[in-house]
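> mind folding the following:
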Amino acid sequence: MKKNKTPELSQKDEKIVEIFSDLGMPKNLAKTLMYISQWQECRSADIEYGARLRQPEVSVAMHNLEERGWITKRDQKKEGKGRPIYIYKLTSPIDNIIETFEREKMKEIESVKKDFKELKDLISER
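Here you go, the predicted model:
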């Protein structure tokens, strides 16, 4: 199931998380995304341990990633009672997700530029 032998985020992964965070992505979302990107599939308990997050933080991040269409989840069959276990995986390679995130941010930048131009135009017309 796992692509590499590192059960936790590496220093390089943490640096990537910081950059995502600087670009406006919530840190817990970035940590979750980076952890999942290293596995073909994983459980939320794996993410909690590997990304050093609490269960509610992972749950919120997974919901956000699922809303964006960046992950899918499936039920894992288990015996007995208790909470269901879900298996998560990315819907596309991390490079594609980064490109999508970049396009979103570039649209935001263009919107901010437009707002500043309008603001300046209105001020100069007073």
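> now the strands: where do they sit in this protein?
Secondary structure of the chain (DSSP state E): strands located at 42-43, 71-76, 85-90.
> and the ones you listed as a markdown table, adding mean neighbour count?
For every residue, glycine as well, the C-beta is placed using N, CA and C. Shown next, in a markdown table, are the strands of the chain (neighbours: other CB atoms under 10 Å):
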| stretch | mean neighbour count |
| --- | --- |
| strand 42-43 | 18 |
| strand 71-76 | 14 |
| strand 85-90 | 17 |
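> okay, residue 112: pLDDT?
For residue 112, the pLDDT comes out at 97.
> pull the number of nearby residues for it.
10 (other CB atoms under 10 Å).
> state the distance from it to residue 102.
Distance from residue 112 to residue 102, counting by CB to CB, to the nearest Å: 16 Å.
> what of residue 24?
12 Å.
> cool, and residue 110?
Separation of residue 110 from residue 102 (CB to CB) stands at 13 Å.
> again with residue 119
26 Å.
> ok, now residue 73?
25 Å.
> show me what the biggest helix by length in the chain is packed against.
Counting by DSSP state H, the longest helix found in the chain is helix 94-124. With contacts taken as 3 or more CB pairs under 8 Å, 6 or more residues apart in numbering; DSSP states H and E, helix 94-124 sits against no other helix or strand.
> any low-confidence regions in this structure?
Confidence mapping of the chain against pLDDT under 70 gives the ranges 1-6.
> where do the domain boundaries of this structure fall?
As given by automatic domain parsing, the domain ranges for the chain are 1-91, 92-126.
> looking at these, which one is packed in the most?
The highest average neighbour count among the domains of the chain, using mean count of other CB atoms under 10 Å, belongs to domain 1-91 at a mean of 15.
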